[in-house]
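Chemist: Predicted model and sequence below, questions to follow.
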Amino acid sequence: MKLAEVAADTPSLAASMAEIGQATRAAAAVLARTPTSAKNMALLGMAAEIRAAQTAILAANDADMGRAKAAKLAPSFLDRLQLTEARIEAMARGLEEIAALPDPVGETIAEWTRPNGLAISRVRTPIGVIGVIYESRPNVTADAGALCLKAGNAAVLRGGSDSFESSRAIADCLAAGLAKAGLPRAAIQLVPSSDRAAVGMMLAGLDGNIDLIIPRGGKSLVARVQAEARVPVFSHLEGICHVYVDKAADPKMARDVVLNAKMRRTGICGAAETLLVDRAGADRHLKPLIETLIQSGCEVRGCRETRAADPRVRPATEADWSTEYLDAIVSMRVVDGVDAAIDHIARYGSQHTDAIITDDEATAEHFLGAVDSAIVLHNASTQFADGGEFGMGAEIGIATGKLHARGPVGVEQLTTFKYVVRGSGQTRP
């Protein structure tokens, strides 16, 4: 059975959302007791269904892309929205990789015995029902649904209206994979409406049936979720990512890493938005970095010293240092060494992902320890800020908060824990 879009009138939508909440809660109770073999069977079945439905998924995506182009949406948005044969295959492989991951449910994290003989262990358990609200990226439908399933959670997914048809085609494949493994289809549900009111209902918790909300999208979406949510939230804020090129950086490595960090895919949250260059190494690094970026089609907005190095550099405003461009634009500043770079990142960054390029190990360790971001890198591109690249199979997002989960949110991060205490008749005096 394929998903049908629910009418946007509030009574019909409210009834549909209430039904989704109840059905997903019931499915979560089943998944909490589901063996690893059944979850993996479902995931492999989903991968097979996605490959078999490639033509249908591409047709649905073409419809979404047509509307997005007619609305003259930004090229970076279109890149996030578009599916290709290669991206669909990557989606299917991602499901298989998640199936191959160890099952976190039931894992003993720690154990100890008290002097009175009580044996205490801390054991991973599913969170329950997870609501995921995301924009434009239809592949998140597969990633989020699969990660929640592997961690023993049921999921309510609400994709962006711009990717509605693509997400629906993918969700049909997930439902088919669940059914073939004998698991409830309600374990992964896509909200069958593009009405924004559905988001508000999810944020209210669907009558207590949602345990956690994960937003994945732009600043306005995350701000709304944080302001209105009545259930816990994994924050995924902007990716204002920095690369600091130290005086001891290898020039070729600096050019290669900076180019990849900025231009590999400009529309992802791990794309570098600000480049900081050590003043003590500016004579070696500044001009080659500017030249490399401009030749690749990137607009450079810079400080006074950056503009003096190349007349093609446009003036940077104060707002540029805190802007997530998600486009072929980078802000560039010359700073007085690693501590000035750390101070700049602390003031303007979003605690997402920041990198240092240097051959000086002591400077690198100072940067890695002092920069308070979810991901810090030494001599590597910020575009590695990705759960798949971390060996997690996939991710729902990069959590920039500090509680429970931080960085890529994969299978382990979608679990909580409980304490299991075993005794032999002990009573407390």
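Modeler: Received it, and whenever you're ready, just let me know what you need.
Chemist: Show me what the helix ranked longest in the chain is packed up against.
Modeler: Looking across the chain with DSSP state H, the single longest helix is helix 10-31. Judged by 3 or more C-beta pairs under 8 Å, 6 or more residues apart in numbering; DSSP states H and E, helix 10-31 is in contact with strand 129-134, strand 154-158, strand 188-190, helix 197-203. Any C-beta I mention is one placed from the backbone N, CA and C, and that applies to glycine too.
Chemist: Between the ones you listed, which one is closest to Ala63.
Modeler: strand 188-190 (16.1 Å; C-beta to C-beta).
Chemist: Now do the closest one: everything it contacts.
Modeler: 3, 20, 23-24, 141, 145, 148-149, 154-159, 167-168, 171, 174-175, 178 (C-beta atoms under 8 Å, 6 or more residues apart in numbering).
Chemist: List the buried residues in it.
Modeler: Of all the residues in strand 188-190, those buried under the rule 16 or more other C-beta atoms under 10 Å are Ile188, Gln189, Leu190.
Chemist: quick one: which of those is nearest to Thr292?
Modeler: Leu190 (42.2 Å).
Chemist: and the closest residue to the closest one other than its chain neighbours, what element?
Modeler: Spatial nearest neighbour of Leu190, chain neighbours left out: Ala171 (3.9 Å); criterion: C-beta to C-beta, 6 or more residues apart in numbering. Per DSSP states H and E, Ala171 falls inside helix 164-180.
Chemist: May I see the buried residues of the longest helix of the chain?
Modeler: Applying 16+ other C-beta under 10 Å to helix 10-31 flags Leu13, Ser16, Met17, Ile20, Gly21, Ala23, Thr24, Arg25, Ala27, Ala28, Val30, Leu31 as buried.
Chemist: Any idea how far that helix is from the middle of the chain?
Modeler: 25 Å (C-alpha atoms, centre = their mean, to the nearest Å).
Chemist: ok, now stretch 226-239?
Modeler: 13 Å.
Chemist: Using PDB, list the CA coordinates for it.
Modeler: Taking Å, rounded to 0.1, in the frame of the first residue of the first chain, the C-alpha atoms of stretch 226-239 are listed here in PDB:
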ATOM      1  CA  GLN A 226      13.800  24.600  19.800                       C
ATOM      2  CA  ALA A 227      11.200  27.300  20.500                       C
ATOM      3  CA  GLU A 228       8.100  25.000  20.300                       C
ATOM      4  CA  ALA A 229       9.200  21.500  21.100                       C
ATOM      5  CA  ARG A 230       7.600  19.900  24.200                       C
ATOM      6  CA  VAL A 231       9.900  16.900  24.000                       C
ATOM      7  CA  PRO A 232      13.700  16.600  24.100                       C
ATOM      8  CA  VAL A 233      15.600  17.800  21.000                       C
ATOM      9  CA  PHE A 234      18.900  16.800  19.400                       C
ATOM     10  CA  SER A 235      20.100  20.200  18.100                       C
ATOM     11  CA  HIS A 236      21.600  20.400  14.600                       C
ATOM     12  CA  LEU A 237      22.500  24.000  14.100                       C
ATOM     13  CA  GLU A 238      24.300  25.700  11.200                       C
ATOM     14  CA  GLY A 239      27.600  24.400   9.900                       C
END
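Chemist: Need phi/psi at His285.
Modeler: phi -100, psi -30 (degrees, to the nearest 10).
Chemist: Surely it and Tyr244 touch.
Modeler: No: in this structure, His285 is not within contact of Tyr244 by C-beta atoms under 8 Å, at 10.9 Å.
Chemist: what touches both of the two?
Modeler: Val277, Asp278.
Chemist: Tell me who's in contact with the residue positioned nearest the centre of the chain.
Modeler: In the chain, the residue lying closest to the centroid (C-alpha atoms, centre = their mean) is Gly397, at 1.5 Å. If a contact means C-beta under 8 Å, 6+ apart, then Gly397 has Ile214, Pro215, Arg216, Phe234, His236, Cys269, Pro408, Val409 as its contacts.
Chemist: pretty sure Pro311 is in a strand, no?
Modeler: No: assignment of Pro311 by DSSP: H, G, I helix; E, B strand; the rest coil gives coil, placing it outside any strand.
Chemist: burial count for it?
Modeler: Neighbour count for Pro311, taken as other C-beta atoms under 10 Å: 7.
Chemist: what's the residue nearest to Leu190 in contact with, if anything?
Modeler: Leu3, Thr141, Gly145, Leu157, Ile188, Gln189, Leu190.
Chemist: List the contacts of the second one.
Modeler: The one in question is Thr141. Here Thr141 is in contact with Leu157, Gly159, Ser166, Ser167, Ile170, Ala171, Leu174, Leu190 (C-beta under 8 Å, 6+ apart).
Chemist: switch the cut-off to 7 Å
Modeler: By C-beta atoms under 7 Å, 6 or more residues apart in numbering, the contact set of Thr141 is Leu157, Gly159, Ser167, Ile170, Ala171, Leu190.
Chemist: re earlier: mind checking which of the helices and strands packed on helix 10-31 is nearest Ser322?
Modeler: strand 129-134 (23.4 Å).
Chemist: and the closest one, what does it pack onto?
Modeler: Packing partners of strand 129-134 (3 or more C-beta pairs under 7 Å, 6 or more residues apart in numbering; DSSP states H and E): helix 10-31, helix 139-150, strand 154-158, helix 197-203, strand 212-216.
Chemist: Could you dump the ones you listed into JSON lines and include mean pLDDT?
Modeler: Formatted as JSON lines, the helices and strands packed on strand 129-134 follow (pLDDT from 0 to 100):
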{"stretch": "helix 10-31", "mean pLDDT": "93"}
{"stretch": "helix 139-150", "mean pLDDT": "95"}
{"stretch": "strand 154-158", "mean pLDDT": "97"}
{"stretch": "helix 197-203", "mean pLDDT": "95"}
{"stretch": "strand 212-216", "mean pLDDT": "91"}
